[in-house]
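A.B. asks: generate coordinates for the sequence data below:
(chains A and B)
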Amino acid sequence: MPLDHVVLFLLAAALLGLYIVGSEIVERSPRWGRVGRNRFSYALALGVYATTWTLFGSVGFAAEEGYDFLAIYFGVTLSCLAIPFLWAPVAELVDRYRLGSVADVFAFRFQSRTVGAAVSIFMVAGLLPYIALQLRAVADGAAVIVGQEPSEQIGSVYAVLLSAFAVALGVRYADGRAHRPGLIATLAFESIFKLVALLVVGAAALVMTFGGLRGLGDYLRERPELVDNMIQPVMRDVGDSWLALVFVTFCAAFLLPRQFFVAFVQRPGPRSLQTARWALPLYLFAINLPVPILFWAGRELASPGVRPDVYVLVAVQSSPTLQTLVFLGAVSAASAMILVSSIALSGMVSNYLVPRFGPSPKSLLNRWAVFRRTTIVGVIVAGLLLHFALPRTRTLVDLGLASFIAVAHLLPGLLGTLFWRRATRAGVLVGLIVGATSWAVLTAMPLLGYEVGISRLYSWFGFDDPVARGPVIWLSLTAHAFVFMAVSVLTSRSAQERTAAEACREPRVTRLLQVPESAEALQERLTSYVGRKTAVQEIYEAAAAADVHWPPRDRPQLLSLVNELQGRLSERIGPLAARTYIHGGRPVRADALAERLRALRALDSLQDDMASRPTSPAHAARRYLSQLMSELPVGVCTVDHHGEVVVWNASLARISGLAEDHISGHPLGDLPDPWRVLLEELAHQPSGSAIERRYDVGSQTIELRAQTAKISAESEEGRVFVVEDITAFRRLERHVAHKDRLSSIGTLASGVAHEVGNPLTGILMVAKNLAADPTADDAAERLQIIVEEAQRIHGIVKSLLTFSRRDETPVELQTVSVVQVVRKAAELAELETEGCSIDLDLPMDATAMATPEGLTQVLVNLLNNARQASSQDATVYVRTEADNGRIRIDVDDEGPGIPEAISERVFEPFFTTKGDMHGTGLGLSVSRQIIERFGGSLTYQPRESGGSRFTITLQAREN
Amino acid sequence: MNPDKERALVLFVVALVLVATPARALWLHTWWSPFAFWLLMIAVVALLHRSDHAA
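C.D. replies: Residues are numbered from 1 along each chain as shown, chains lettered A, B, ... in the order given. Take a look at the predicted model:
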């Protein structure tokens, strides 16, 4: 008894309801959640590739073109063989930058929302026929089972059912987040169901129609033309059909939006792809095994006029149960395909088309869930409308291939993304326009019944068969690829494109993330785009996910937070919008030397890890220089011509506490104080300048010395800064100076005590004696002694006052005749003490700025010292000389000289080598002070021939 | 390119030649031979995967 529509509809609805419930269980239960994270579930979920086309269309395809139908799956198998070198780089890129769709990849690589929008429009237009195909296949299957002609009414009912399912689950997963176990588990269950359905129906057809494998063998031996009809289309390859089909399905295996979404966005772990490499082809193999049997069984049983697309149902027409099973398999296949396609397409539409043609991107994040759900419904409704609009003469294969050809147009851009750094935004955009136009003219319009001179176009290119698919595919793809390459070569890349190209080539080693200047700046910037409430919520969630406290304590924590926040936003609103929200659209430069060096170091590190590979000389040299820079005992920072930090070596990282990873690539203005202040100040100084600065950092004070020089390399200009932490050195210096001061004060105190103490003792003793006998005969002599000793003390005190009166009273300088003063001083010296002779060499009557008394005092002191140090038969020489506005007076003796160890101390007060009875140790220090008050200098140096030389240098008379 | 990728590339090229060139006549004889060839390809990949994993 044939089933009626109500029963079929209820069964289909119940099955879809079970999927929804199962999905919820997997999402909520940790135990069942493991099912959705299993790599075999992942491989089965990739079986979403097998749609109603596989269940119904493959048999129809086999009926028309034999084993050409296998090309649809051989292409996927070849694509899976390319997983290690083609899928894996895409997966790494998607993981690294949290990209959500193939449009995100293009937009990210070419740094253009326009490119993302172009891909989105193309994919929506290309995929809608495929969605329409699913709705049509289910409706047609239901009509066959109930024994009626397919009608629009039946189609509408099932279309609404499938749409409702896709909306119900699609909305559940509309947040676009990666790794949803419920979704993967649902897709895996649906894959298992359609596989089981087809295998059971195939086995039943084999037994019921042919009596088993042996019977099938006999049947085919009697009709050898049936096998020949299957093989010949592949052997002849009419119109390059086989090759073209293998090629487009090779692309579709990972570029179809639903395949991309499952393969890369929902990938549960790094090993999953490796498992999928053999498990997905095995699944497709198993599901296709019954196809030839079902074709031959359907051919045997079908009435004239029945379309081969429904042979699967005809083959088991005697069993309503089996027909229902295969129908539910088709419902599973169609619902899975529509669900994932609508989620994937809605991501593209809401990221690239809604902001362009609808609400402002600034408000998108606030209402992204609404947009996402709306676009899911919109995509399904559009497929439904196309289902009604398409001529019924088109087969499932026609509709499916139209989508696959559209998707194949993504391959040039994707290969450019992964392997060709020279590819430009203009090139990919023009290529996509050419590809989309050729697809519309050569594929889509004929599908809608508009044959716009295609036959004539084919004949121009030498193709005879206008219905052959090969020319359509090769012609449009060749035009696309040629234009893409030509325009790329003729145009230049922007800075952002160059950086993104590097990131796509080596996603592991290139970092595009920039850290905002502070946590507050991050929140303010996000608030300016999405409002305070959403900004706070997003930051709070990202901080919780990254295990970072708010506000972040340091830059590493801020970096972790930004990384998480950018990834979360990128998953929902695309990589470009996410970066704008966080960094305010600050461009990431491609020519950033810091990025290039970081990439180079990472590559070197990778090469080091590969012990089996020989090290190249360039690599060894780089390692040596890198090690040298790292281990230099001084801090080194270099900036490029943009003022961004390129090198921040290990010593500087140690001094500053700032790791290179967090500094390089940032402008100096981004550095925390005091490093920003120090280096920015130095950056404005001429090459070779040095500065020393002292900063309070928290509770500590640091003293830094920094020097700068310009780098004038041919390709890279910039500056190098050498920074030394001199805090400890300065502390030691101050300690020594302090000790010196203490030592000087001690010397001074003991000198004063000694010099004053001696005469004071004498005064005291004489005064006591006088007090005991005031009438003594020698009282007058004793009083004279007291007077003399008191005068000695007075002299000492006077000298001390002179010494201590530094710069207190300005001296009124006079023009002094040096010759006269020297002669007078020599006379006085000879009068004061006995000793050697004084030889005067005064070639000219020079005049200097001084006071006659002061200069005389100094010269008498020097001459006395010289004579005391010399033997009786020696000579003291005094020589004057005028030189370049200065008057120089040398006082030389022939004594033993001053030992080098104490030569620096002779100008210290109370330092003397004469012993207690011959000097106070104040003479030279007072003399130097007097000369310095004249604006001159008094210095000592040993004579080459022995003895000492004291040199007075004075300013010559002003004209 | 590491040895795993090199091996994958060689395998891909061999499969491509067998599938996409007239060499496909080698596995197009009977109604079941395309499936046998297909299964053989999968088996080779699975065995390589297993040996990679074991290594």
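
A.B. asks: for the rest of this, base every contact and every neighbour count on C-alpha atoms.
C.D. replies: Fine.

A.B. asks: find the nearest non-adjacent residue to B:Val45, please.
C.D. replies: In this structure, B:Val45 finds its nearest non-sequential neighbour in A:Trp278, 6.0 Å apart by Cα to Cα, 6 or more residues apart in numbering or on different chains.

A.B. asks: mind checking the SS state of the one you found?
C.D. replies: Look at A:Trp278: counting by DSSP: H, G, I helix; E, B strand; the rest coil, its state is helix.

A.B. asks: list the contacts of it.
C.D. replies: A:Trp278 sits next to A:80, B:42-43, B:45-46 when contact means Cα atoms under 8 Å, 6 or more residues apart in numbering or on different chains.

A.B. asks: tell me which of these is nearest to A:Leu162?
C.D. replies: Distances from A:Leu162 to those, taken as Cα to Cα, are shortest for A:Cys80 (29.8 Å).

A.B. asks: which strands and helices lie in contact with the longest helix along chain B?
C.D. replies: Ranked by residue count and defined by DSSP state H, the top helix of chain B is helix B:33-54. Helix B:33-54 is packed against helix A:272-288, with contacts defined by 3 or more Cα pairs under 8 Å, 6 or more residues apart in numbering or on different chains; DSSP states H and E.

A.B. asks: ok now the helix it packs on, how far from the chain's centre?
C.D. replies: Relative to the chain's own centre, helix A:272-288 is displaced by 37 Å; criterion: Cα atoms, centre = their mean, to the nearest Å.

A.B. asks: now that helix: mean pLDDT?
C.D. replies: For helix A:272-288, the mean per-residue pLDDT is 93.

A.B. asks: verify the contact between A:Leu187 and A:Leu44 for me.
C.D. replies: Yes: counting by Cα atoms under 8 Å, A:Leu44 is a contact partner of A:Leu187 at 7.3 Å.

A.B. asks: and the two? Which one has more around it.
C.D. replies: In this view A:Leu187 and A:Leu44 are compared by other Cα atoms under 10 Å in any protein chain shown, and A:Leu187 has more residues nearby, 31 against 26.

A.B. asks: residue contacts, the closest residue in space to the more buried one that isn't next to it in sequence?
C.D. replies: Among residues not flanking A:Leu187 along the chain, A:Ala45 sits closest, at 4.7 Å (Cα to Cα, 6+ apart). Going by Cα under 8 Å, 6+ apart, A:Ala45 touches A:184-188, A:191, A:262.

A.B. asks: same question for A:Ser488.
C.D. replies: By Cα under 8 Å, 6+ apart, A:Ser488 lies in contact with A:422-428.

A.B. asks: okay, it and A:Thr114: tell me how far apart.
C.D. replies: Counting by Cα to Cα, to the nearest Å, the gap from A:Ser488 to A:Thr114 is 16 Å.

A.B. asks: next one: the helix or strand containing A:Lys798 to chain centre, how far?
C.D. replies: Taking DSSP states H and E as the definition, one finds A:Lys798 inside helix A:779-804. How far helix A:779-804 lies from its chain's middle: 82 Å, per Cα atoms, centre = their mean.

A.B. asks: what of stretch A:624-637?
C.D. replies: Worked out by Cα atoms, centre = their mean, stretch A:624-637 lies 22 Å from the chain centre.

A.B. asks: so how far does it reach from one end to the other?
C.D. replies: 18 Å.

A.B. asks: picking up where we left off before, in the contacts of A:Trp278, find the pair that's most separated.
C.D. replies: A:Cys80 and B:Ala43 (13.1 Å).

A.B. asks: okay, those two: which has more neighbours?
C.D. replies: Per other Cα under 10 Å, whichever of A:Cys80 and B:Ala43 has more neighbours is A:Cys80, with 27 against 14.

A.B. asks: check which helix or strand the more buried one maps to.
C.D. replies: In this structure, A:Cys80 sits in helix A:71-81 according to DSSP H and E.

A.B. asks: and that helix, what's its mean pLDDT?
C.D. replies: Across helix A:71-81, the average pLDDT comes to 94.

A.B. asks: does any part of that helix sit near chain B?
C.D. replies: Yes: interface with chain B: helix A:71-81 contributes A:74, A:78, A:81 (Cα under 8 Å from any Cα of the partner chain).

A.B. asks: so how many other residues sit close to the second one?
C.D. replies: Counted with other Cα under 10 Å, the neighbours of A:Leu78 add up to 25.

A.B. asks: now the helix or strand bottoming out on mean pLDDT in chain B: buried residues?
C.D. replies: Here the helix or strand of chain B ranked lowest by mean pLDDT, DSSP states H and E is helix B:33-54, holding a mean of 85. In terms of neighbour count (16 or more other Cα atoms under 10 Å in any protein chain shown), helix B:33-54 has its buried residues at B:34-35, B:37-39, B:41-42, B:45-46, B:48-49.

A.B. asks: and for stretch A:620-637?
C.D. replies: Taking 16+ other Cα under 10 Å as the criterion, stretch A:620-637 shows A:623, A:629-630, A:634-637 as buried.

A.B. asks: so where is the stretch 751-900 of chain A shaky, pLDDT-wise?
C.D. replies: In the predicted model of the stretch 751-900 of chain A, residues A:751, A:754-755, A:799-810, A:832-833 satisfy pLDDT under 70.
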